[in-house]
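S.K.: Okay, predicted coordinates and the sequence, questions at the end:
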Amino acid sequence: MSGDDAEARGAERAMSPSSNAIERAAEAALRPRTLDDFVGQHKVREQLSLVLEAAKVRGRPPEHVLLSGPPGLGKTTLSMIIAAELGASLRITSGPAIQHAGDLASVLTSLEPGDVLFIDEIHRLARPAEEMLYMAMEDFRVDVVVGKGAGAAAIPLELPPFTTVGATTRAGLLPAPLRDRFGFTAHLDFYSPAELERVLQRSANKLEIALSADAAREISLRSRGTPRIANRLVRRVRDWAQVRGDGLIDLTAAREALTVYEVDERGLDRLDRGVLSALCTLFGGGPVGLSTLAIAVGEEPETVSEVAEPFLVREGLMGRTPRGRIATPAGWRHLGLTAPRSVMMDSAQLALDVLDETNETDVTEETNAPRD
């Protein structure tokens, strides 16, 4: 199973930041239409507003825009807002959908002046399509090859000025030539609980849900800093309130519903707790290899590493070492267990290893720095 397959499987979980086609349709009604309505990402909104306003003053399409960051934070929404703010048409495609240069050529040659071309998962573009995109973004031109063999000929086609908006969850996989052709690059960060509360209240108004402030706070704390997860959870809590409650989403309804859906107070779901519990109870806190850990929880290694592990590491509940995965003291405490002394020593050693790596980097930089 590839990392992308693992992500697709993860989209089935309540706490996955990925989405499927059905959920994207549900999200469409909740998307903000303007930068003013977009909650969070203050710096990105301010910078993007300047880029768009300057382009409108000049009467030309803005520079190409690259949006990076974890899934579920609003990259697709921002691309739609860019087109709306410019009063332009939006063409949407994705890296996996463009497997040949001809696929991209057909999209590019159908663009009108000023259009916005949104390419989701742009890091998954096929290499021939990447090379064609270089020329299209820089020179607004593509070379279409007609014929085969010795009789083949490249026919240059001029393209109207347009703006490419690329979205990626793995900016490091983008080749430098492609990355350099984006005039504006923005990284989206996880949301604070206060920002997620605003997202939830806005969504509740759109869905005509009675959501109390306490319930919004409770859901936001369990949403992993991700608006997509927050909106998914509020819909699940709404289901519980309508079926087993009085239709009002208050603190009690939120807690009861999230218990049913196995989302704990820190945002861990069944898979997350299964991985952490196996690490602590079956392997004494580790270190243990990824494959062995995956077998213990009945999942593919890619599912554990791509779906569960990033959040556990970010929350400080699990650590990754050269010898394998370890549970941190915080991970033991979250399960209500007492960490053995060996785990405390492993965690201290992990901190020292990180510090040593940092010091080595500093020394290298100082050694290579130019002398006065």
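M.R.: That came through, no problem. Numbers count the residues shown, from 1 in each chain.

S.K.: quick one: Arg91 is in a helix?
M.R.: No: counting by DSSP: H, G, I helix; E, B strand; the rest coil, Arg91 is not part of a helix but strand.

S.K.: Please name the residues that touch it.
M.R.: Arg91 makes contacts with Val107, Ser110, Leu111, Asp115, Val116, Leu117, Phe118, as judged by C-beta atoms under 8 Å, 6 or more residues apart in numbering. Quick note: C-beta positions are derived from backbone N, CA and C, even for glycine.

S.K.: Can you redo those residues as TSV, where the extra columns are neighbour count and distance to Glu197?
M.R.: What follows is the contacts of Arg91, written out as TSV (neighbours: other C-beta atoms under 10 Å; distance: C-beta to C-beta, whole Å):
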residue	neighbour count	distance to Glu197
Val107	18	39
Ser110	10	42
Leu111	20	40
Asp115	21	36
Val116	25	31
Leu117	25	34
Phe118	24	29
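
S.K.: and the residue nearest to Gln47 when sequence neighbours are not counted, how many neighbours does it have?
M.R.: Of all residues not flanking Gln47 in the chain, Ala186 sits nearest, at 6.6 Å (C-beta to C-beta, 6 or more residues apart in numbering). For Ala186, the count of nearby residues is 19 (other C-beta atoms under 10 Å).

S.K.: thought Ala186 was touching His64?
M.R.: No: under the criterion of C-beta atoms under 8 Å, Ala186 is not in contact with His64, lying 12.0 Å apart.

S.K.: ok so, going back, which of the contacts of Arg91 fall within helices?
M.R.: Val107 (DSSP state H).

S.K.: Return the closest of the contacts of Arg91 with respect to Asp180.
M.R.: Leu117 (17.9 Å; C-beta to C-beta).

S.K.: for the residue nearest to Gln47, helix, strand, or coil?
M.R.: From three-state DSSP, the assignment for Ala186 is strand.

S.K.: Roughly how far does it sit from Ser79?
M.R.: Remark: distance between Ala186 and Ser79 (C-beta to C-beta, to the nearest Å) = 11 Å.

S.K.: Give the residues shared as contacts by those two.
M.R.: With C-beta under 8 Å, 6+ apart as the test, Ala186 and Ser79 both reach Val65, Leu67.

S.K.: so where do the strands sit in the stretch 1-150 of the chain?
M.R.: Secondary structure of the stretch 1-150 of the chain (DSSP state E, counting those that start in this stretch): strands located at 65-68, 90-94, 116-120, 141-146.

S.K.: now the second one against strand 116-120, angle please.
M.R.: I take that to be strand 90-94. Counting by axes from the mean of the first three to the mean of the last three C-alpha atoms, to 10 degrees, strand 90-94 lies at 20 degrees to strand 116-120.

S.K.: Tell me how many other residues crowd Val57.
M.R.: Quick note: Val57 (other C-beta under 10 Å) scores 8 neighbours.

S.K.: Give me the below-cutoff pLDDT ranges for the chain.
M.R.: Residues of the chain that meet the criterion pLDDT under 70 lie in 1-27, 145-154, 342-372.

S.K.: Outline the domain layout of it.
M.R.: Domain assignment of the chain by automatic domain parsing yields the ranges 41-187, 193-260, 270-368.

S.K.: Quickly compare those domains and say which is most buried.
M.R.: domain 193-260 (a mean of 19; mean count of other C-beta atoms under 10 Å).

S.K.: got the strands of the stretch 1-150 of the chain as JSON lines, with distance to His100 columns?
M.R.: Formatted as JSON lines, the strands of the stretch 1-150 of the chain follow (distance: least, C-beta to C-beta, whole Å):
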{"stretch": "strand 65-68", "distance to His100": "23"}
{"stretch": "strand 90-94", "distance to His100": "13"}
{"stretch": "strand 116-120", "distance to His100": "15"}
{"stretch": "strand 141-146", "distance to His100": "11"}
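
S.K.: Tell me which of the ones you listed approaches Leu50 most closely.
M.R.: strand 65-68 (12.3 Å).

S.K.: That closest one: partners in the sheet, and parallel or antiparallel?
M.R.: strand 163-168 (parallel), strand 184-187 (parallel) (DSSP bridges).

S.K.: For Gly289, find the nearest of those strands.
M.R.: Per C-beta to C-beta, nearest to Gly289 of the strands paired with strand 65-68: strand 163-168, 29.3 Å.

S.K.: just to revisit the earlier point, now render the domains of the chain as CSV, adding distance to Ala28.
M.R.: CSV is the format used below for the domains of the chain (distance: least, C-beta to C-beta, whole Å):
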stretch, distance to Ala28
domain 41-187, 9
domain 193-260, 11
domain 270-368, 25
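
S.K.: and Leu30, which of those domains is closest to it?
M.R.: Within the domains of the chain, the stretch nearest Leu30 is domain 193-260; the backing value is 5.0 Å (C-beta to C-beta).

S.K.: contacting residues for the spatially closest residue to Leu133 that is not a sequence neighbour?
M.R.: Using C-beta to C-beta, 6+ apart and skipping the chain neighbours, the partner closest in space to Leu133 is Leu104 (6.3 Å). Applying C-beta under 8 Å, 6+ apart, we find Leu104 in contact with Ile98, Leu125, Ala129, Met132, Leu133, Ala136.

S.K.: same check, this time on Arg170
M.R.: Arg170 neighbours (C-beta under 8 Å, 6+ apart): His123.

S.K.: Next: Glu130.
M.R.: By C-beta under 8 Å, 6+ apart, the neighbours of Glu130 are Pro175, Leu178.

S.K.: And Glu85, by the same measure?
M.R.: Contacts of Glu85 (C-beta under 8 Å, 6+ apart): Thr34, Leu35, Leu52.
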